[in-house]
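Asker: Need a 3D model of the sequence below.
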Amino acid sequence: MTSWLPLTIDSVPAALRVLPWIGWRAELRDDGHWKKTPYQIGEPRWPASNADPMHWRNEGDVREVQIMSPELFDGFGVVLVAAANLTFIDLDEVRDPDTGEIEPWAIRMVDTFDSWTEISVSGTGLHIFVHGRLPGPGLANYLDGDPEQKVEAYSVGRFAYLTGTALEPVRPLAERQRLVTLLAQHVHPLGSETSIAPGRDKTPIPAGQRNDKLFRIARGFVRHGLSGQALEHALLAVSHCRCIPVPPDIDVVKIARHAERLPDRRPA
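Answerer: Residues are numbered from 1 along each chain as shown. Predicted coordinates for the structure are as follows:
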């Protein structure tokens, strides 16, 4: 069995810990390679979707599982949601897990973005996290066409499997919107521009129904175990996807807090 770097959650920056969480388990594919399959923390028998907030949980649930039932998962990850204004840059196969030696071009990427970077689950890659949004959902291609420099980057609609094993020297998670925009010009985009589509219902929510509908959705999330900032992120994801027009984030956060605090009342 391949060994994986475990999650050290206290080492993960606060801006990532407040995102929604899922668990993952390593499963052997028919071709002999391992894949990380996401599962719901609240329902560990069922796969998790990055498009369904009902499948998401929060940091507290991760900590509880790590203490009470560590055998349930091989690791954990967060869901990238638009409201978080984060970009996850994934550099695969750039690090020797035995010597720690890193490809020079990958080191240049780390130094350029100068933000929190961790060693990947396999020990062979790097994850760079920055504040800033890509113009589309993600990038996946060669940097400036160089086949030796494969880059993936995502802002929404993906999982980021975390270890908390920071690359030395440890850097704070920094605002890098200018560099994220520049990166998008040097790596081809992944598919067409789409946004995360949370939940099974994709019906648009008009302004006149917004508060009542979002409150009911938030109550459903609460019943499925979401709370705190994970609940807020889930409801914001719904708002950005379905509300016409999209309301201010602060109004949606208030509805989420209201639904968590006063479950038997509707917001005014």
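Asker: Where do the helices of the stretch 51-200 of the chain begin and end?
Answerer: Per DSSP state H, counting those that start in this stretch, the stretch 51-200 of the chain has helices spanning 59-68, 104-113, 177-186. These are given in chain order.
Asker: Kindly reformat those helices as TSV containing mean neighbour count, mean pLDDT and distance to Ile205.
Answerer: Bear in mind the C-beta positions are built from the backbone N, C-alpha and C, glycine included. Shown next, in TSV, are those (neighbours: other C-beta atoms under 10 Å; pLDDT from 0 to 100; distance: least, C-beta to C-beta, whole Å):
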stretch	mean neighbour count	mean pLDDT	distance to Ile205
helix 59-68	16	97	28
helix 104-113	15	96	36
helix 177-186	15	92	29
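Asker: how about these, which one is nearest Val94?
Answerer: When the helices of the stretch 51-200 of the chain are ranked by proximity to Val94, the top entry is helix 104-113, at 3.8 Å, counting by C-beta to C-beta.
Asker: Which strands or helices does the closest one pack on?
Answerer: Helices and strands touching helix 104-113, as assessed by 3 or more C-beta pairs under 8 Å, 6 or more residues apart in numbering; DSSP states H and E, comprise strand 86-91, strand 126-131.
Asker: Which parts of the stretch 1-150 of the chain are strands?
Answerer: When assigned using DSSP state E, counting those that start in this stretch, the strands of the stretch 1-150 of the chain occupy the ranges 21-28, 34-39, 75-79, 86-91, 117-119, 126-131, 138-142, 150-154.
Asker: Next, format the ones you listed as CSV and append distance to Val62.
Answerer: Rendered in CSV, the data for the strands of the stretch 1-150 of the chain read as follows (distance: least, C-beta to C-beta, whole Å):
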stretch, distance to Val62
strand 21-28, 5
strand 34-39, 13
strand 75-79, 5
strand 86-91, 18
strand 117-119, 16
strand 126-131, 17
strand 138-142, 24
strand 150-154, 20
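Asker: Identify, out of those, the most deeply packed stretch.
Answerer: Per-residue neighbour counts averaged over each of these give the maximum for strand 75-79, namely a mean of 26 (mean count of other C-beta atoms under 10 Å).
Asker: Strands of the stretch 151-268 of the chain, residue ranges please.
Answerer: With DSSP E, counting those that start in this stretch as the criterion, the stretch 151-268 of the chain has strands spanning 159-162, 205-206, 243-244.
Asker: what is the rounded mean pLDDT of the last one?
Answerer: The one in question is strand 243-244. Confidence over strand 243-244, taken as the mean pLDDT, stands at 90.
Asker: before we move on, the earlier item: just send the helices and strands packed on helix 104-113 back as a markdown table, with distance to Phe113 and mean pLDDT too.
Answerer: Putting those into a markdown table (distance: least, C-beta to C-beta, whole Å; pLDDT from 0 to 100) gives the following:
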| stretch | distance to Phe113 | mean pLDDT |
| --- | --- | --- |
| strand 86-91 | 7 | 97 |
| strand 126-131 | 5 | 98 |
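Asker: Export those to JSON lines and append columns for distance to Gly208.
Answerer: Supplementary listing: the helices and strands packed on helix 104-113 in JSON lines, determined by distance: least, C-beta to C-beta, whole Å:
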{"stretch": "strand 86-91", "distance to Gly208": "32"}
{"stretch": "strand 126-131", "distance to Gly208": "34"}
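Asker: where does the stretch 51-200 of the chain have low pLDDT?
Answerer: 189-200 (pLDDT under 70).
Asker: before we move on, back to that, any chance of TSV for the helices of the stretch 51-200 of the chain, columns distance to Val222?
Answerer: Written out in TSV, the entries for those read as follows (distance: least, C-beta to C-beta, whole Å):
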stretch	distance to Val222
helix 59-68	13
helix 104-113	36
helix 177-186	33
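Asker: which one of these lies closest to Asn141?
Answerer: Distance to Asn141, taken as C-beta to C-beta, is lowest for helix 177-186 among the helices of the stretch 51-200 of the chain, at 9.3 Å.
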